[in-house]
Every structure is written in structure tokens, then in C-alpha cells.
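>>> here is my input, please return the structure:
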Amino acid sequence: MSAPAPDDDDPIAEDESIAAPPGGLWDRMKSDPQYAPEHLALEAVRRLGPQARDWAERSRAAQPGVPADVLARRATKRFRTHARLSGAVSGAAGLPGAVVDVGVLAWTQARMVLHIAAAYGVDPTHSDRATDLLVLQRVHKVAETARTALGVAAGRERASALFARAGGAPLTGVMLRLGLRLAQMAGVRAAKRMFAKVVPGAAVVLGTWANSSATTSLAKRAVEIYRDTPPRALTS
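Just a heads-up that it's a prediction; the model follows:
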């Protein structure tokens with residue numbers, strides 16, 4: 001049997017329920033914006049890891065012997081397209097819309113990384129993938145600090161009811177901090193890129209370019225890491 005062509009259609013499920021961060025995650029991130037990337041990484045592994053695992057299993061069952069590099073390219077292509085479109089996903093203007101857009105971009109990128117991990121036989125549902133996400137997305141420089149921050153975020157998640165009752169900063173301040181943290185995670189380095197949405201016409205051009213560039217760079221880093229990782233059986 002000949003190897004499948006790299007450009008074959010891939011069977012990544014188009015599940016609208018996981019195309020954007022769920023409402024509960026937004027609530028946690030708004031109540032704890034300092035640890036927004038950590039909350040997103042934890043939720044991504046929980047929600048998106050099983051989908052990535054199932055996609056890899058279906059792909060290998062449908063095309064036995066398909067090279068891991070081919071699967072990784074398919075995932076990169078699919079989610080890079082999603083990232084290019086995410087700059088106008090919210091339909092809202094101003095700061096709230098910009099925050100939603102960068103949140104969706106960070107979520108899409110996490111989804112891509114987990115699919116790339118699965119392509120190389122690395123379990124996308126393992127808790128270590130949350131650490132990987134934070135390092136690959138350059139929220140933290142090393143795994144040790146990422147794991148520590150994830151532990152803090154997990155503790156705050158369990159105490160979310162207490163935070164909900166506590167007084168907080170004005171909404172504008174919360175959204176600003178949340179937006180900057182998510183922009184960092186998504187690779188949108190310049191704040192002006194995130195806020196370009198408030199300038200008519202600028203967001204579409206600048207946002208599309210920034211999303212595609214950041215996502216392509218992230219995919220390359222993920223491939224470099226997971227290609228050299230010893231294959232592991234995916235958990236069922």
C-alpha cells in the first residue's frame with residue numbers, strides 16, 4: 001500500500017462545542033486573569049486531548065502506516081486555517097471582542113499542539129501536555145515553573161466558589177489583564193495587534209497575519225519536540 005499524500009483530507013472532527021473556550025473556562029479566567037494561560041492549558045487537555053487521541057486512532061485505522069509527519073502536517077494545516085479565521089470570531093468590537101479573539105486563538109493553538117502530539121504517538125490526554133502547552137506557547141521558559149504555575153491554577157480552580165464571592169477589580173481592568181495574558185500565550189507579542197480590533201479595517205489584515213505567523217511558529221516548535229519523543233501508547 002502506498003503512503004497517503006500529505007495533502008489528503010484529514011478527518012479532524014468539526015465539533016462546534018470545542019471550537020472555542022467553554023463558558024466555564026471564561027468565568028475562571030476572568031476571575032483569575034493572572035493564571036489564565038494555566039487555566040486554559042488544563043481545560044484544553046481535559047476537553048481537547050480525547051478528541052486529538054481519537055483523531056490519531058481513526059487516521060491510523062483508516063490509513064495503516066501513515067507517517068507521523070503526514071498527520072502532523074494535516075493538523076498544522078487545519079488549525080492554521082482556523083487560526084487565520086479566529087480574528088473575527090467574536091463579532092464584538094473593542095476590548096471585549098479583542099479578548100475573546102485572542103482567547104479563541106490560544107485555544108485553537110492548544111488544540112493544534114495536542115493533535116501534533118497525538119500524531120507522534122504522544123498521549124494528548126496526559127497531564128504533562130498542559131506543561132508542554134505553556135512551554136511551547138512561551139508562557140513559561142521551563143517545565144518546572146510551568147508545573148508549579150499549573151498547580152497554583154488547579155488549586156484556585158478548586159477554590160473558584162470563594163473567588164466568586166470576593167470583590168474584584170473593575171471589569172475593564174480584568175479584561176485588560178486577561179487579554180494581555182492570553183495574547184502572550186497565543187504569540188501575539190505586540191499589544192497593538194490585540195487591540196487592532198478597535199481600528200476599523202485594521203483587525204482583519206493585521207489579525208490574520210499575526211494569527212497565521214504565530215500558529216505556524218508554534219507548530220514548528222511542537223513538531224521538533226514531539227518528533228523526538230519516544231512513542232507511547234495512547235490511553236483509551
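>>> just give me the residue right at the centre of this structure.
Nearest residue to the geometric centre of the chain (C-alpha atoms, centre = their mean): Ala110, 2.2 Å.
>>> which of the helices or strands spans the residue nearest to Lys141 when sequence neighbours are not counted?
Closest residue in space to Lys141, ignoring its immediate chain neighbours: Val135 at 7.3 Å, by C-beta to C-beta, 6 or more residues apart in numbering. Where you see a C-beta, it was placed from the backbone N, CA and C, and this is true even at glycine. Val135 belongs to helix 128-136 when assigned by DSSP states H and E.
>>> so what does the helix or strand just after that helix touch, helix or strand wise?
Helices and strands here follow DSSP H and E; after helix 128-136, the next one along the chain is helix 143-158. Judged by 3 or more C-beta pairs under 8 Å, 6 or more residues apart in numbering; DSSP states H and E, helix 143-158 is in contact with helix 36-62, helix 128-136.
>>> buried residues in helix 143-158, which are they?
By 16 or more other C-beta atoms under 10 Å, the buried positions in helix 143-158 come out as Ala146, Arg147, Ala149, Leu150, Ala153, Ala154, Arg156, Glu157.
>>> with pLDDT added, can I get these in a markdown table?
Below are the buried residues of helix 143-158 laid out as a markdown table (pLDDT from 0 to 100):
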| residue | pLDDT |
| --- | --- |
| Ala146 | 96 |
| Arg147 | 96 |
| Ala149 | 95 |
| Leu150 | 95 |
| Ala153 | 92 |
| Ala154 | 91 |
| Arg156 | 83 |
| Glu157 | 81 |
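>>> closest one of those residues to Asp27?
For the buried residues of helix 143-158, the residue nearest Asp27 by C-beta to C-beta is Glu157; the value is 10.6 Å.
>>> my guess is the closest one meets Ser31, correct?
No: between Glu157 and Ser31 there is no contact under C-beta atoms under 8 Å: 9.8 Å.
>>> what is the end-to-end distance of stretch 158-176?
This stretch, stretch 158-176, spans 24 Å end to end (C-alpha to C-alpha, to the nearest Å).
>>> got it, and stretch 110-127?
13 Å.
>>> list the buried residues in that stretch.
110-126.
>>> avg pLDDT for that stretch?
Averaging pLDDT along stretch 110-127 gives 97.
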